[in-house]
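Peer 1: Requesting a structural model of the entry that follows:
(2 chains)
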Protein chains: 2
Amino acid sequence: MKLKASLIQATAIALVAASAQANELREEALDTFLPLPSTVPAVKDNPITPEKIALGKALFFDPRMSASGVFSCNSCHNLATGGDDNLETSIGHGWQRGPRNSPTALNSVFNEAQFWDGRAADLAEQAKGPVQAGVEMANTQENLLATLNSMPQYVEWFGDAFEGENDPVTFDNFAKAIEAFEATLITPAPFDAWLNGDDDAMTPEQLAGLSQFMDLGCAACHSGINVGGSGYYPFGLIEKPGADVLPVGDKGRFAVTATVDDEYVFRAAPLRNVAQTAPYFHSGKVWDLKVAVQIMAESQLGEELTDEDATQIVAFLDSLTGALPPVTYPVLPAETAATPRPSGEIIAE
Amino acid sequence: MKLKASLIQATAIALVAASAQANELREEALDTFLPLPSTVPAVKDNPITPEKIALGKALFFDPRMSASGVFSCNSCHNLATGGDDNLETSIGHGWQRGPRNSPTALNSVFNEAQFWDGRAADLAEQAKGPVQAGVEMANTQENLLATLNSMPQYVEWFGDAFEGENDPVTFDNFAKAIEAFEATLITPAPFDAWLNGDDDAMTPEQLAGLSQFMDLGCAACHSGINVGGSGYYPFGLIEKPGADVLPVGDKGRFAVTATVDDEYVFRAAPLRNVAQTAPYFHSGKVWDLKVAVQIMAESQLGEELTDEDATQIVAFLDSLTGALPPVTYPVLPAETAATPRPSGEIIAE
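Peer 2: Predicted coordinates:
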């Protein structure tokens, strides 16, 4: 009896100790990260309404927003595959290749700025880029607005989404509607449940990986609500990776700021759903998440990770894979006689 | 009082007469057409289960079924835009053009056979074509199966959908699952409501168009549950349209049967949702539905339609635009290290 009692006591002490340790890790984590909110965040200068979300969803999935009629936002930011396209760099108009790996649209509303070099301040500004890029959707503002105006259902939806505006069908409103829809693409993950107090939401291996992630210094850049996405850092802080991973021609944020200090500087990648968004880096050259973790440790922290350590960190990253709220595939307005015809022609820029 | 009573009587007689006329038209229509069923139809040798539908939906939307990782079934049979791609002919692998206009996947389970020339007996056989066509998805069976087998979630889903099979991940089962999902893409329309007895489901103009459609002889080929899709007829029965609409090089069903009688013979297009699926004909050269109707009347029936008559028929065709059951956009399995890499390379056949 006595033995049994002391065993129970010892177990209880161990449990209390484990719980205290878990709480300590959680407190440390909450100093660095933030769980996703349960509601759609407010967006600057763009009140989010159900009408705007519905319009934005239609636009996001509409391939007629591209010159060819082939590509929609969802082509390269596919909500079925982690919000990206799982290609090294996207294939766009005329089978041309985009210059950088397509980042995920999921949770992107929480990034400090958009694109790998942060050249767009927000998602509305971002949305204006690919539709006009010659190697992506290759459209013009004029043709896009003519397309939208040719379909009465779209005109009505713009009117509903931007009530009270005289001329609601504008390129700005097109971008704002897409931003509103994208703001809903929030994917709560086991990591959030754990941050919120559910001890069982993450496995011991995932928690060990989280400890490492913080102790090694990964969290110095990959922090905040998106575990990244909130600061700019040189790729190769300690040691530049090879040109296969870091192509010499792409100097990152330098193109935005024209400051020598910004050569090969990129926005720290947001890591939510990273297990679903291979291949990695702006070059899209690394397909294995563990290899990507090892490259990062070496180039940014000067650490050579053991296979076991890298595996643990990958386990933690797996806990960032979240659930997308159900998206009903939209039924889009039918073209009319006035709708500009799609053109797959490649026009030299 | 007496005047009022006789007025009521006269109105009542007129209503009875109108109702009798409506019933007569309905009876005639029911001899020619069939309303869509309220349930998913049984498919030969392919019992349809929720697991198979769910798997088929995932496969239908998965761009990794193509060699490049760019195109899914939904790219050319887009459920958001009437089940087709609104292009003259589809743009596929390497920006190559397909030879014929992409037909709608909606209600296609009710077609007698698939493709413009009916060369596939059913949707499962059809599904095997585009994934392997060099100008479409450019994949091989081996690569497709390696892709599926590399993702444990897919292997599990195939196991659930084809319970009891030793090796469920096969190309046949891939096709069967897609067929099962496509069998659910049924779009009840105002025409169905009217056939089912709702006098108010169609406008007087639509009913006048229906009368014409039957009286002129359109319904001789475009009949049955899909208002077409159930027989083969020469395009240009009375008068061949110009080579812009009927390109000389595409001899239609002749390629399937090698019978001279089948030169320029095509499956009568199923007309459900036709208002959403411009451009028209196998060549995709005609964008205006009214013009398409006029070309058909002339080439198949030797009738020159007035603008008013063509407008009425178009009104009837509008009543065939139906509602797709809500489709929740799938979340697909993530690739693994074993997943074959996408390749946009164009390999000469």
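
Peer 1: quick one: the closest residue to chain B within the stretch 51-200 of chain A from B:Ser102, how far?
Peer 2: Per Cβ to the nearest Cβ, the residue of the stretch 51-200 of chain A with the smallest distance to chain B is A:Trp95, at 4.0 Å. To be clear about C-beta, it is placed using only N, CA and C from the backbone, and glycine gets the same treatment. Going from A:Trp95 to B:Ser102 by Cβ to Cβ, to the nearest Å gives 19 Å.

Peer 1: A:Met314 is in what secondary structure piece?
Peer 2: Careful, residue A:314 is Val and not Met. Taking DSSP states H and E as the definition, A:Val314 sits inside helix A:307-318.

Peer 1: Pull out the buried positions in that helix.
Peer 2: Judged by neighbour count (16 or more other Cβ atoms under 10 Å in any protein chain shown), helix A:307-318 contains these buried residues: A:Asp309, A:Ala310, A:Gln312, A:Ile313, A:Val314, A:Ala315, A:Phe316, A:Leu317, A:Asp318.

Peer 1: and it, what does it pack onto?
Peer 2: helix A:204-216, helix A:289-301 (3 or more Cβ pairs under 8 Å, 6 or more residues apart in numbering or on different chains; DSSP states H and E).

Peer 1: right, and those helices - which one's nearest B:Lys285?
Peer 2: Evaluated over those, closeness to B:Lys285 peaks at helix A:289-301, with 48.2 Å, by Cβ to Cβ.

Peer 1: Next, the angle from the closest one to helix A:204-216.
Peer 2: Between helix A:289-301 and helix A:204-216, the angle comes out at 20 degrees (axes from the mean of the first three to the mean of the last three Cα atoms, to 10 degrees).

Peer 1: Sort out which residues of helix A:289-301 are buried, please.
Peer 2: Residues of helix A:289-301 classed as buried: A:Leu289, A:Lys290, A:Ala292, A:Val293, A:Gln294, A:Ile295, A:Met296, A:Ala297, A:Glu298, A:Ser299, A:Gln300, A:Leu301 (neighbour count, 16+ other Cβ under 10 Å).

Peer 1: Spit out the contact partners of the fifth one.
Peer 2: Under the criterion of Cβ atoms under 8 Å, 6 or more residues apart in numbering or on different chains, the contact list for A:Gln294 reads A:Glu304, A:Leu305, A:Ala310.

Peer 1: Same check on A:Ala127?
Peer 2: A:Cys73, A:Phe174, A:Ala175, A:Ile178, A:Glu179, A:Glu182.

Peer 1: Closest to A:Gly83 out of those?
Peer 2: The closest of the contacts of A:Ala127, once distances to A:Gly83 are taken by Cβ to Cβ, is A:Glu182, at 9.2 Å.

Peer 1: Neighbours of the closest one, how many?
Peer 2: Look at A:Glu182: counted by other Cβ atoms under 10 Å in any protein chain shown, it has 27 neighbours.

Peer 1: I'd guessed it sits against A:Leu59; true?
Peer 2: No. Using Cβ atoms under 8 Å as the test, A:Glu182 is too far from A:Leu59 to be in contact (10.5 Å).

Peer 1: quick one: contacts of the helix holding A:Val314?
Peer 2: A:191, A:202-203, A:205-210, A:212-213, A:218, A:271, A:274-275, A:289-290, A:293-294, A:297, A:305.

Peer 1: Buried subset of these, written for ChimeraX?
Peer 2: Restricted to buried positions by 16+ other Cβ under 10 Å, the ChimeraX selection for the contacts of helix A:307-318 reads:
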select /A:191,202,206,207,208,209,210,212,213,218,271,274,275,289,290,293,294,297,305
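
Peer 1: Go ahead and confirm A:Val293 touches A:Leu305.
Peer 2: Yes. At 6.8 Å, A:Val293 and A:Leu305 qualify as touching, with contact defined as Cβ under 8 Å.

Peer 1: Next, count neighbours for the closest residue to chain B within the stretch 151-300 of chain A.
Peer 2: At 4.3 Å from chain B, A:Gln276 is the closest residue in the stretch 151-300 of chain A, using Cβ to the nearest Cβ. Residues near A:Gln276, counting by other Cβ under 10 Å, number 25.
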